[in-house]
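Asker: return atomic coordinates for the entry below.
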Amino acid sequence: MTGPATTGSSSDRAAEAVEARTGGRTAQSTGSGPRLAQEAHGGSRLAQDARGGSRLALSRLLTAIESRSPAAEEALRLLYPLAGGAHVVGVTGPPGGGKSTLVAALVAEARAGERAVAVLAIDPSSPVTGGAILGDRIRMQQHAGDRDVFIRSMAARGHLGGLAGTTAESAAVLDACGFGLVFIETVGTGQSEVEVASIADTTVVVQAPEMGDEVQAMKAGLLEVADLVVVNKADRPGADRAAAQLRAMLTLGDGAHTDTADAALRAGPADSAASSRPRPKRPRVLLASGLDATGVPELLAALDAHHATRSQADRPHVARLARARAQVEGIVADRTREALWAAEHRAETEELLEQVAAHELDPYAAADRLLQQLGTGRAATDSLPAR
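Answerer: All right, here's what the predicted structure looks like:
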């Protein structure tokens, strides 16, 4: 594993940047500025220890990232420039397709080649309590004692798209800590949950035979973000037929795919997951079984070949540009939400929400006023009438 690569001066600069954003404002509103500053300085130690091979420090750092603490921000400022070399593989598909079992088999195959592997397994959260079972990690317990395998379960916490809100940042940390292959296993996806395609270098869609998933995949648009399609549970009857049906669908749908950087940059938030990254017009369809590892070596070889092809074609830039867009937009949204509920803005935010609830003001005008309140509104909104 790669050793520590941080320096005292860069640590100080990162901590100062965090303090500039959180210390003064929070000190004024809650009096906790010194505590947050001290917490932020602890991020450099976590980053250094995680880079040095401490699994405890890495676990604590990922926990800090999930809670979006100042320590996490400082650590990310240090580690992000060291990332970018890993192959990030997104594994998605309908529930019950055997994603966890297949990922566990892929991890075993990669470890047979002495590769360091990390897994981020996203589990659904309860809409009532917010809790999550984190059961995906239970299915991968055979790798628990391997120091070159790191498995982290993350709760989706209501984030849409099949991911957790901090998945991209967590993957960057694992990359910077020396894991050359990072699997992101999504929540069982529905008809629009394809966000993993915007943060992965390679997207694998997992289907199961005899579940009606062939048609569902076309409805959901899952095939539109696939670089590889895997019919898992290949030992079951109907697997060959399911693969043939998928190949036929992909042949019919060849003309519907785009593969241009311009399309990725023009894509809006609603369609960024489906069109913000390059992908083959016709993904390969493979048969595999996570249970007995049939076809798993071929699948891992296909993943490596896809990654190599993209690198040779200079395609990673578009995918990583989409990943950067998703990360930055997410941070901007989080910080805007945080600022709206800060002590100095809370009263006005609540007042505008009350007006919207009473239908005295439309939500667009309310949003424009809130953005103006934060100093980020459009000039055109100054002339909008109160509605």
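
Asker: mind checking pLDDT for Val356?
Answerer: Reading off the confidence values, Val356 has pLDDT 96.

Asker: check which helices and strands the helix or strand containing it sits against.
Answerer: Assigned by DSSP states H and E, Val356 belongs to helix 343-357. Helices and strands touching helix 343-357, by 3 or more C-beta pairs under 8 Å, 6 or more residues apart in numbering; DSSP states H and E, are helix 8-30, helix 316-340, helix 363-373. Using the backbone N, CA and C atoms, a C-beta is placed for each residue, glycine as well.

Asker: now do 6 Å
Answerer: Applying 3 or more C-beta pairs under 6 Å, 6 or more residues apart in numbering; DSSP states H and E, one finds that helix 343-357 makes contact with helix 363-373.

Asker: what packs against the helix it packs on?
Answerer: Using 3+ C-beta pairs under 6 Å, 6+ apart, helix 363-373 is in contact with helix 343-357.

Asker: in the helix it packs on, which residues are buried?
Answerer: By 16 or more other C-beta atoms under 10 Å, the buried positions in helix 343-357 come out as Thr349, Leu352, Gln355.

Asker: closest one to Thr336 out of those residues, please.
Answerer: Taking C-beta to C-beta as the measure, Thr336 lies nearest Thr349 of those, at 11.1 Å.

Asker: please name the residues that touch that closest one.
Answerer: By C-beta atoms under 6 Å, 6 or more residues apart in numbering, the contact list for Thr349 reads Leu340.

Asker: same thing but 7 Å
Answerer: By C-beta atoms under 7 Å, 6 or more residues apart in numbering, the contact list for Thr349 reads Leu340, Trp341, Leu370.

Asker: next, format these as CSV and append distance to Ala226.
Answerer: Converted to CSV, the contacts of Thr349 look like this (distance: C-beta to C-beta, whole Å):
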residue, distance to Ala226
Leu340, 38
Trp341, 39
Leu370, 39
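
Asker: would you mind listing which of the residues you listed are buried?
Answerer: Counted by 16+ other C-beta under 10 Å, the contacts of Thr349 give Leu340, Leu370 as buried.

Asker: and of the contacts of Thr349, the nearest to Arg152?
Answerer: Ranked by distance to Arg152 (C-beta to C-beta), the contacts of Thr349 are led by Trp341 at 28.9 Å.

Asker: give the contact list for the closest one.
Answerer: Counting by C-beta under 7 Å, 6+ apart, the residues that Trp341 touches are Thr349.

Asker: do you know the pLDDT at it?
Answerer: On the pLDDT scale, Trp341 is placed at 92.

Asker: how about Leu303?
Answerer: 96.

Asker: pLDDT at the nearest residue to Arg284 once chain neighbours are set aside, what is it?
Answerer: Nearest residue to Arg284 in three dimensions, chain neighbours excluded: Leu228, at 5.5 Å (C-beta to C-beta, 6 or more residues apart in numbering). Leu228 is assigned 93 on the pLDDT scale.

Asker: any idea how far Arg111 is from Leu228?
Answerer: Using C-beta to C-beta, to the nearest Å, one gets 20 Å for the distance from Leu228 to Arg111.

Asker: show me which of these two is the more surrounded one.
Answerer: Per other C-beta atoms under 10 Å, whichever of Leu228 and Arg111 has more neighbours is Leu228, with 21 against 16.

Asker: ok, that one touching Val204?
Answerer: Yes. Assessed by C-beta atoms under 7 Å, Leu228 is found in contact with Val204 at 4.9 Å.

Asker: what's the spacing between Arg325 and Val229?
Answerer: According to C-beta to C-beta, Arg325 and Val229 sit 25 Å apart.

Asker: do His87 as well
Answerer: Remark: distance between His87 and Val229 (C-beta to C-beta) = 18 Å.

Asker: between those two, which one's more packed in?
Answerer: Val229 (25 against 22).
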